[in-house]
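> Build me a model:
(one chain, ligands or ions: 1)
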Amino acid sequence: MRVLVTGGAGFIGSHLVDRLVSEGFSVRVVDNLSSGRIDYIKRHIDLGRAEFVLGDLKDPSVAMRAASNVDVVFHFAANPEVRLSSTSPEVHFNENILATFNVLEAMRKLGVGELVFASSSTVYGEPEDMLVDESAPLRPVSVYGASKAACEALIHAYSMLYGIRSVVLRYANVVGPRLRHGVIYDFINKLLSNPAELEVLGDGKQAKSYIYIDDAVEATLIAWRRSNAYYDVLNVGSGDYVSVDEIADIVADVMGIDRPVKRYRPVLHGVGWPGDVKRIALKIDKLRGLGFTPRMSSREAVRETARRLLEEIVSEKGEAVKHI
Ligand SMILES: NC(=O)c1ccc[n+]([C@@H]2O[C@H](COP(=O)([O-])OP(=O)(O)OC[C@H]3O[C@@H](n4cnc5c(N)ncnc54)[C@H](O)[C@@H]3O)[C@@H](O)[C@H]2O)c1
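Numbering: from 1, shown residues only. Model prediction:
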């Protein structure tokens, strides 16, 4: 089976590529390397196990080239920086909605029959009940969340009109090695610069679900293989949640730093930036029903990620120093 992974040089995409290659799929990656790194997938390309198309999905001809002769598309390319929503909403419109439209158009024109889409828990916005299942209303509070909800709506229409079997996955915060954005990465870098003090965006009481990358990839493949709906939507998380304050404590502990002074920077109702969600946890009963069991809780995922990212960041900084 021939598989296209858009954004396959990024964090989640490259781990998915590792897994698909290890299972023997013929994999093509399309990526503009705006945040992704070719190093993450280079060994597969060198060994002829993956093909790389350098290009931007905002260009319809790139989407056509990437989707030719494939059976399934895992669409993971996007700009995932929720914070950009309040300053540059056009980025999420272009990178997320326009690029997804181009991917869908290419699939329609080329007759590609299956799509797995990386959506996000941000489509729910600030839910009344913290714990949400897939039937909760979509009330995004960031343009990022709105862009993912718009993509979901487009995918539903394409699925119904043109017979593209689609699995939409609403991921919680996915964390693990190679992650280069988000709170754990931010805290490690801040504490490396100043171990005595930690700036916390928000009041620290924001709480969300986190899922380790290996669990997220496993869930992705289970959902793709076992969902028997023509259009399906599934939450992907670890079933629990962790607060930003706890994340700060875990990261400091992993770095061997004894209680840095936390400087809170809350905006609005205590969130980190306009468009940030205060409290949300994903119910994953539907995914469990397909046979998925997360191996790590949110806290375990955060701790393991802090360990792995610390190693990566320290080694990168060492390399940078060597090159001066
Ligand atoms: N990491 C998370 O916690 C999380 C949670 C929910 C949903 N998601 C979604 O999962 C997907 C992957 O996220 P990630 O964390 O791996 O981010 P990432 O930034 O590491 O990966 C995105 C990849 O897409 C590529 N890309 C971006 N715009 C492109 C374009 N126009 N054309 C071609 N390539 C382009 C980037 O270079 C990068 O390699 C995204 O769709 C994101 O919105 C991520």
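
> List the contacts of the biggest helix by length in the chain.
Taking DSSP state H as the criterion, the chain has its longest helix at helix 298-322. With CB atoms under 8 Å, 6 or more residues apart in numbering as the contact definition, helix 298-322 has outside contacts at 175-179, 184-185, 187-189, 192, 208-212, 215, 238, 240-242, 246-247, 250-251, 254-255, 296. C-beta here means a position set from N, CA and C on the backbone, and glycine is covered the same way.

> Let me see the contact set for residue 21.
Applying CB under 8 Å, 6+ apart, we find residue 21 in contact with 27, 44, 49, 50.

> neighbours around the first one, how many?
If you count neighbours by other CB atoms under 10 Å, residue 27 ends up with 27.

> Then the second one?
Around residue 44 sit 21 other residues, with neighbours defined as other CB under 10 Å.

> Verify the contact between it and residue 17 for me.
Yes. With contact defined as CB atoms under 8 Å, residue 44 reaches residue 17; the gap is 6.4 Å.

> these two touch, right, residue 72 and residue 114?
Yes. In this structure residue 72 lies within contact range of residue 114 using CB under 8 Å: 4.0 Å.

> Which residues are in contact with each of the two?
Residues touching both residue 72 and residue 114 comprise residue 224, with contact defined as CB under 8 Å, 6+ apart.

> bridging residues for residue 170?
Applying DSSP bridges to residue 170 gives these bridge partners: residue 119, residue 235.

> give the contact list for it.
Neighbours of residue 170 in contact, by CB under 8 Å, 6+ apart: 119, 120, 121, 123, 124, 134, 233, 234, 235, 236, 282.

> mind checking how far the residue nearest to the last one when sequence neighbours are not counted is from the ligand?
Across the structure, with CB to CB, 6 or more residues apart in numbering as the measure, the residue nearest residue 282 apart from its sequence neighbours is residue 237 (3.6 Å). When distances are taken as CB to the nearest ligand atom, to the nearest Å, residue 237 and the ligand turn out to be 10 Å apart.

> again with residue 8
Residue 8 sits 7 Å away from the ligand, going by CB to the nearest ligand atom.

> Test my guess that that residue contacts residue 36.
Yes. Judged on CB under 8 Å, residue 8 makes contact with residue 36 at a distance of 7.5 Å.

> Next, the contact list for residue 8, please.
For residue 8, counting by CB under 8 Å, 6+ apart, the contacting residues are 14, 16, 17, 27, 29, 30, 31, 36, 41, 50, 74, 76.

> ugh, wrong one, I meant residue 182
The contact partners of residue 182, by CB under 8 Å, 6+ apart, come to 173, 175.

> and residue 17, that's in a helix?
Yes. Residue 17 forms part of a helix when assessed by DSSP: H, G, I helix; E, B strand; the rest coil.

> shaky segments in the protein?
Filtered on pLDDT under 70, the chain yields the residue ranges 319-324.

> For it, what lies in contact range of the ligand?
Counting by CB under 6 Å from any ligand atom, the chain comes close to the ligand at 7, 9-13, 30-36, 56-58, 76-80, 95, 99, 118, 120, 171, 173-174.

> Distance from the chain centre to stretch 169-187, please.
On the basis of CA atoms, centre = their mean, to the nearest Å, stretch 169-187 sits 7 Å off its chain's mean C-alpha point.

> got it, and stretch 201-217?
Distance of stretch 201-217 from the chain centroid (CA atoms, centre = their mean) equals 11 Å.

> how about it as CSV, C-alpha atoms only?
Only the C-alpha atoms of stretch 201-217 are listed here, as CSV (Å, rounded to 0.1, in the frame of the first residue of the first chain):
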residue,chain,number,x,y,z
LEU,A,201,2.4,31.8,30.9
GLY,A,202,-1.0,31.8,32.7
ASP,A,203,-1.9,31.2,36.3
GLY,A,204,-0.5,27.7,36.3
LYS,A,205,-4.0,26.2,36.8
GLN,A,206,-4.6,25.5,33.1
ALA,A,207,-5.1,21.7,32.9
LYS,A,208,-5.1,19.5,29.7
SER,A,209,-4.7,16.0,28.5
TYR,A,210,-1.2,15.0,27.2
ILE,A,211,-0.4,11.9,25.2
TYR,A,212,3.0,10.4,24.6
ILE,A,213,4.0,10.2,20.9
ASP,A,214,4.3,6.4,20.8
ASP,A,215,0.7,6.1,22.2
ALA,A,216,-0.4,8.8,19.7
VAL,A,217,1.0,6.9,16.7
